[in-house]
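# Here is my input, please return the structure:
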Amino acid sequence: MLIKSFLFLFLTIFLISCSNNIRINKTIETESKKNKIVNYNSLDINKYFSKLENKKEIKKIINEKAIPINGLKIIEDKNTNNELKFFFFSDSHSKYQTLNKFNDIINKEKPDFVLDGGDTVYDGTEAELDKAYKFRQNMKVPVYLVNGSHDVYLNGIFKKLPLNMPTIQSFDVKGVHFILLDNESYGISDELFKIIESDLEINKNKTIIFAMHVPIMTSNDSVILKIWKNLHLPMGSLTMRNEDEINHFTSLMNKYKVSLILTGHTHKFDESIKDGVKYITTGSTGGLTSGLNIHQEFLDINIKDGKIDIKRVKLKEGSKNPITFLADTFFYLQDINLFNHNALGWNYYPSSNIQYDLGARITEIKKSENISSILSATIGRNISSNILLFSSFKLITGLSDLNFQLNAGLNYTFIGDYNRGLFLNSTIGCNTGIINRDLSSGLQFGVATGLNYENFTFSFGFEKATNYNAKTA
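The predicted structure follows:
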């Protein structure tokens, strides 16, 4: 029971930190590119704030149609009885093994186009963004994209963004009107609502589908989610936060009989109906799932004669147990960090730290001492350049010891920064196994100090447990 409790604590600390990716916003100067597929004829919301009372200007904005990021045109075949087929995917987070499988399905089934719900990357570095957009530009069907939270809260050293995405886009295919909305900031401004309503009014006699990143709501808002939305912390939220904006949006969807709202962000499928309008959140298409038995997927959507058929297509099975879930998480983050470190060097601060440790400890039980080796794996979350929250698993082996530990802790770099500096840390956790040839379990608290220098870490510390005392190095 003790081990299960701390395993739950371990997972909870890590998942909360992952689902609320804390970022340091940076000022970014964007450069125009010669490639014409980057030149969107769509809305930069700031440019039009002063013109929103002018209905002719609003209509002009709406009539400027979205352009696929890979420059391909949608081909309307008159022999298909006006049937429309498209794929919606989201939260791929630089997982190209899954994306390649998805792309193979695209090449085989040839949908009219695909909609990307955002979060193309994980840490939002320039190198990640470049790779993500180049992958989509090489897709064989038109690709429409909205920003996700990881695409704009950037982490690293930047010179430019590959694309300067508009706040709102719209286009028509086979009698269906699509509106793509940037709500990665978890809200919708009054000015943007005016444009949305004008667009809906102009196209009210068509089938209308919205796509955006952050869900308006979930089918079951838990007490924790409701509290979280109202705390207004500088962290992410699973849904939009402002109840007035949520009510305004849902009332517009009801008024204009919008057929479907598509979102991502949560990495978990969800479906709800409010006032006859269907709201669907797809699971991730590569990014870490939010729990056990949650699959990676995309949506295959077919529209004929106004009838919308939605099929979930599984790309990868969800993890069946906590061990495989943690292993998938560990190696996924390791791959992200290696890619970004190779591209950016040690000026890159990963939002999620992955670390292997090899060491030794002297364990004291009553009057006896045992020397054991330590092998550990650590997953940490940087909340600044010198503060890290982490969880770790340790395997301790010796001639008379075989012990397992789960820990959660905080690492503070007091001289230098996360990649190069002197640090202090403290941990709490639990352990179980064999110590000095006897079965033993307990709780432990530890403190340590040490030095980080890029790939290398040296530390020395002390642990006090209910079943032993130990010095570690």
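# Can you pull the poorly scored residue ranges out of the stretch 351-473 of the chain?
Within the stretch 351-473 of the chain, the stretches with pLDDT under 70 are 367.
# Break down it into its helices, ranges please.
In the stretch 351-473 of the chain, no segments count as helices under DSSP state H, counting those that start in this stretch.
# which residue ranges form the strands in it?
For the stretch 351-473 of the chain, the strands defined by DSSP state E, counting those that start in this stretch occupy 352-365, 368-382, 387-398, 402-416, 420-435, 438-453, 456-465, 469-472.
# Same list, those, but as JSON lines with distance to I308 and mean neighbour count please.
Every C-beta, even on glycine, is put in place using the N, C-alpha and C of the backbone. What follows is the strands of the stretch 351-473 of the chain, written out as JSON lines (distance: least, CB to CB, whole Å; neighbours: other CB atoms under 10 Å):
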{"stretch": "strand 352-365", "distance to I308": "37", "mean neighbour count": "17"}
{"stretch": "strand 368-382", "distance to I308": "39", "mean neighbour count": "18"}
{"stretch": "strand 387-398", "distance to I308": "42", "mean neighbour count": "20"}
{"stretch": "strand 402-416", "distance to I308": "45", "mean neighbour count": "18"}
{"stretch": "strand 420-435", "distance to I308": "50", "mean neighbour count": "19"}
{"stretch": "strand 438-453", "distance to I308": "53", "mean neighbour count": "15"}
{"stretch": "strand 456-465", "distance to I308": "54", "mean neighbour count": "15"}
{"stretch": "strand 469-472", "distance to I308": "59", "mean neighbour count": "18"}
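# could I get those as TSV with distance to T125?
Output for these, formatted as TSV (distance: least, CB to CB, whole Å):
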stretch	distance to T125
strand 352-365	13
strand 368-382	14
strand 387-398	19
strand 402-416	21
strand 420-435	19
strand 438-453	20
strand 456-465	23
strand 469-472	34
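# And V114, what's its pLDDT?
At V114, the model reports a pLDDT of 97.
# That one touches S92, doesn't it?
No - applying CB atoms under 8 Å, one finds V114 not in contact with S92, separated by 11.3 Å.
# Counting neighbours, go ahead and name the busier of those two.
Taking other CB atoms under 10 Å, V114 and S92 do not tie; S92 has more neighbours (28 against 22).
# Can you tell me how far the nearest residue to that one once chain neighbours are set aside is from K316?
Leaving aside its sequence neighbours, S92 sits nearest to G286 (CB to CB, 6 or more residues apart in numbering; 4.0 Å). As judged by CB to CB, to the nearest Å, G286 and K316 stand 8 Å apart.
# Would you mind telling me which of the two has the busier surroundings?
A direct count of neighbours by other CB under 10 Å for G286 and K316 places G286 higher, at 27 against 18.
# Quick check, pLDDT for Y256.
With respect to pLDDT, Y256 scores 95.
# That one contacts I209, correct?
No - contact status for Y256 versus I209: not in contact, 11.9 Å apart, counting by CB under 8 Å.
# Compare those two (neighbour count), which wins?
I209 (24 against 19).
# Just checking: what are the partner strands of the helix or strand the more buried one falls within?
Element membership of I209, judged by DSSP states H and E, is strand 207-211. Paired strands of strand 207-211, with direction, are strand 176-181 (parallel), strand 260-263 (parallel) (DSSP bridges).
# Now do that strand: distance to the chain's middle.
Distance, stretch centre to chain centre, for strand 207-211: 24 Å (CA atoms, centre = their mean, to the nearest Å).
# overlap in contacts of G286 and K316?
Counting by CB atoms under 8 Å, 6 or more residues apart in numbering, the contacts common to G286 and K316 are T98, Q296.
# Just the pLDDT for L99.
96.
# That one touches F135, doesn't it?
Yes - counting by CB under 8 Å, L99 does reach F135; the two are 6.5 Å apart.
# So for these two, which residue has more residues nearby?
L99 (21 against 18).
# So that one: helix, strand or coil?
Using DSSP: H, G, I helix; E, B strand; the rest coil, the three-state assignment for L99 comes out as helix.
# ok, it - contacts?
Applying CB under 8 Å, 6+ apart to L99 gives the contacts S92, F135, T285, G286.
# If we use 10 Å, what do you get?
F89, S92, H93, T120, A132, F135, R136, M139, T285, G286, L315 (CB atoms under 10 Å, 6 or more residues apart in numbering).
# Could I get the contacting residues of the last one?
Spelled out, it's L315. By CB under 10 Å, 6+ apart, the contact list for L315 reads 89, 95, 97-99, 101-102, 105, 283-286, 295-298.
# ok so, going back, and of the strands of the stretch 351-473 of the chain, who's closest to L84?
Among those, the nearest to L84 by CB to CB is strand 352-365 (38.9 Å).
# For the closest one, which strands pair with it and how are they oriented?
strand 368-382 (antiparallel), strand 469-472 (antiparallel).
# can those strands go into JSON lines with extra columns for distance to I188?
Shown next, in JSON lines, are these (distance: least, CB to CB, whole Å):
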{"stretch": "strand 368-382", "distance to I188": "29"}
{"stretch": "strand 469-472", "distance to I188": "51"}
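# Looking at the ones you listed, spot the one closest to N70.
Using CB to CB, the nearest of the strands paired with strand 352-365 to N70 is strand 368-382, at 33.6 Å.
# and the angle from that closest one to strand 456-465?
Angle of strand 368-382 versus strand 456-465, following axes from the mean of the first three to the mean of the last three CA atoms, to 10 degrees, is 120 degrees.
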